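Student: okay, predicted coordinates and the sequence, questions at the end:
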Amino acid sequence: MSNIKFVDPLITEKEKGHLKRAFNSGWLSYGPYVEKFEKKLSDTLGAKFGISVNNGTSAILLILMSLNLKKGDEIIVPSFCYISPVHMIKLMGLKPIPVDIRLDNLQIDTDQIANKVNKKTKAILLIHNYGSICNYEKIIKIAKKKNIFVIEDTSEVILSKRYDDYVGNGKKFNKEKYLSYASFHASKTMITGEGGMILTNSKKICLKLKILRNHGQKINKPYYYNMTGGNFRLSNLLASIGYSQILRSKKIIKKKTEINSIYEKKLANNKNFTLMKDPNNFLPVRWGFPILFKKQKDKNKIMKILNNKSTLCRPGFYSLNQLKHLNIYKNKISKKNDFKNAEIATKNVLVLPMNNKLNNPELNLICSKIKNYFKT
Ligand SMILES: Cc1ncc(COP(=O)(O)O)c(C=O)c1O
């Protein structure tokens, strides 16, 4: 296999130009690009306020710090997801309550959420896997009925649209009970290297997050602190890269849409694996392109073929109940057979690259390697 990489960020003259400008300005920590980036991203996605942070993990930690939660409070999460938000829930002394996923889209099964909600449930954390989303209508209903927070992790789905709304702008949710955030790690759709952003439509929440992000220091009152916070700030240098990425967002969307269409067309209707089934009126901008194989043996062999020169594809996540240190069964809500689909996904998911440097011959090569495996 040629040297195609899963993580291969495209850095253009635009990013280099803005980074140089930020560097030459002398503003290396906080600086004008931070607010420019926050405003440009929140305006582009259609949310009122953006609060930049130093990575996606800090984003969810800061959000959890801002919600006035008590030790032992519960947060609903998908049982199959990237670990970072789940670890932040644990570090805060809260309980992650996993809900199984659907196999047709690898997202949280919204039909199973209501069963797991009780007096201690404070939020549903929607960690959207691989650039798709779950049943929003159902989430809106549950959150309203139970009066709990909805937090969307859009790290793997940013720039995707549903009914003309960018995912994560929160327009359909109660603004005092909703937040979204994303990571801009080098593997993501939008990058700053390390970095993240929280979006909210509530001025009150925005202000609190900005105070917590800066050690809890009262706005315009140096060295006076009225909350316990930390340093979660994004540097001016990295914000300048993020800013230029938004200026290029239309191109990023176009390229990712093309890659997605090629995979969907070339890999359609194969009895040995299935692709994601997206909701109606959804325009995906995927972080990675997942395939769910029927047999684990096939996934393992194909992964070996594709990864023989470089890390071209990745396996799926472990189901949270399989990560012993999380002690999922101690929560009294989860039972042994609750995570059947997540366990299947763990065995049988393989994720193909979606980076913006991929060209047609490379995509054709990847798809033909997969299809040819089943012909021999
Ligand atoms: C869904 C999701 N959430 C959170 C993170 C954590 O972000 P970061 O690596 O910027 O801390 C990532 C990826 O890294 C992710 O994919």
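Tutor: Happy to help now that I have it. Numbering: from 1, shown residues only.

Student: can you tell me the residue of the stretch 51-200 of the chain closest to the ligand?
Tutor: Using Cβ to the nearest ligand atom, the point where the stretch 51-200 of the chain gets nearest to the ligand is Gly56, with a distance of 2.5 Å. For glycine as for every other residue, the C-beta is placed from the backbone atoms N, C-alpha and C.

Student: ok, that residue - how many residues close by?
Tutor: When neighbours are counted by other Cβ atoms under 10 Å, Gly56 registers 26.

Student: my guess is it meets Gly196, correct?
Tutor: Yes: using Cβ atoms under 8 Å, Gly56 makes contact with Gly196 at a distance of 4.2 Å.

Student: quick one: common contacting residues for those two?
Tutor: By Cβ atoms under 8 Å, 6 or more residues apart in numbering, Gly56 and Gly196 have these common neighbours: 181-184.

Student: kindly reformat these as CSV and extend each row with pLDDT, distance to the ligand and secondary structure.
Tutor: Below are these laid out as CSV (pLDDT from 0 to 100; distance: Cβ to the nearest ligand atom, whole Å; DSSP: H, G, I helix; E, B strand; the rest coil):
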residue, pLDDT, distance to the ligand, secondary structure
Tyr181, 98, 8, strand
Ala182, 98, 8, strand
Ser183, 98, 3, strand
Phe184, 98, 7, coil
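
Student: would you mind listing what in the protein touches the ligand?
Tutor: Residues of the chain lying close to the ligand by Cβ under 6 Å from any ligand atom are 55-57, 82, 84-85, 127, 153, 155-156, 183, 185, 196.

Student: so which of those belong to helices?
Tutor: 56-57, 84-85 (DSSP state H).

Student: just to revisit the earlier point, if I pick the residue of the stretch 51-200 of the chain closest to the ligand, what's in contact with it?
Tutor: Applying Cβ under 8 Å, 6+ apart to Gly56 gives the contacts 84, 153, 155, 181-185, 196.

Student: how about a cut-off of 10 Å?
Tutor: With contact taken as Cβ atoms under 10 Å, 6 or more residues apart in numbering, Gly56 is in contact with 82, 84-85, 88, 153-155, 181-185, 188, 194-198.

Student: likewise Gly50?
Tutor: Counting by Cβ under 10 Å, 6+ apart, Gly50 has contacts 34-35, 37-44, 181, 197-200, 206.

Student: mind checking which of those are buried?
Tutor: 34, 37-38, 40-42, 44, 181, 197-200, 206 (16 or more other Cβ atoms under 10 Å).

Student: mind putting those into CSV with secondary structure?
Tutor: Shown next, in CSV, are the buried ones among the contacts of Gly50 (DSSP: H, G, I helix; E, B strand; the rest coil):
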residue, secondary structure
Val34, helix
Phe37, helix
Glu38, helix
Lys40, helix
Leu41, helix
Ser42, helix
Thr44, helix
Tyr181, strand
Met197, strand
Ile198, strand
Leu199, strand
Thr200, strand
Cys206, helix
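
Student: closest one of these to Ile291?
Tutor: Tyr181 (27.3 Å; Cβ to Cβ).

Student: pull the number of nearby residues for the nearest residue to that closest one once chain neighbours are set aside.
Tutor: Leaving aside its sequence neighbours, Tyr181 sits nearest to Ala59 (Cβ to Cβ, 6 or more residues apart in numbering; 3.7 Å). When neighbours are counted by other Cβ under 10 Å, Ala59 registers 33.

Student: of the shared contacts of Gly56 and Gly196, which is the nearest to Arg248?
Tutor: Among these, and counting by Cβ to Cβ, the member closest to Arg248 is Phe184, at 13.4 Å.

Student: quick check, the closest one in contact with Thr154.
Tutor: No: applying Cβ atoms under 10 Å as the test, Phe184 and Thr154 come out as separate, 11.1 Å apart.

Student: of those two, who's got more company?
Tutor: Taking other Cβ under 10 Å, Phe184 and Thr154 do not tie; Phe184 has more neighbours (30 against 27).

Student: shaky segments in the stretch 201-350 of the chain?
Tutor: Within the stretch 201-350 of the chain, no range satisfies pLDDT under 70.

Student: in it, what residue lies closest to the ligand?
Tutor: Closest point on the stretch 201-350 of the chain to the ligand, by Cβ to the nearest ligand atom, is Trp287, at 6.7 Å.

Student: excluding chain neighbours, give the residue nearest to that residue in space.
Tutor: Glu156 (3.7 Å).

Student: residue contacts, the one you found?
Tutor: With Cβ under 10 Å, 6+ apart, Glu156 has these contacts: 81-82, 127-132, 182-183, 187-189, 285-288, 351, 354.

Student: what segments of the stretch 51-200 of the chain are helices?
Tutor: 56-66, 84-91, 136-146 (DSSP state H, counting those that start in this stretch).

Student: quick check: ChimeraX command selecting the buried ones in the contacts of Glu156.
Tutor: Buried residues among those (16+ other Cβ under 10 Å), as a ChimeraX selection:
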select :81,82,127,128,129,130,131,132,182,183,187,188,189,285,286,287,288,351,354
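
Student: inside strands: which ones of the contacts of Glu156?
Tutor: In strands, judged by DSSP state E, the following of the contacts of Glu156 are found: 127, 182-183, 351.

Student: identify the farthest-apart pair in these.
Tutor: Largest separation among the ones in strands among the contacts of Glu156 by Cβ to Cβ: Ala182 and Val351, giving 18.1 Å.

Student: and the gap between Ile370 and Leu350?
Tutor: Ile370 sits 9 Å away from Leu350, taking Cβ to Cβ, to the nearest Å as the criterion.

Student: grab the nearest non-local neighbour of Arg314.
Tutor: The nearest residue in space to Arg314 (Cβ to Cβ, 6+ apart) is Val351, at 4.6 Å.

Student: so what pLDDT did that neighbour get?
Tutor: According to the prediction, Val351 has pLDDT 98.

Student: quick one, what contacts it?
Tutor: By Cβ under 10 Å, 6+ apart, the neighbours of Val351 are 6, 106, 129-130, 156, 286-291, 303, 313-317.
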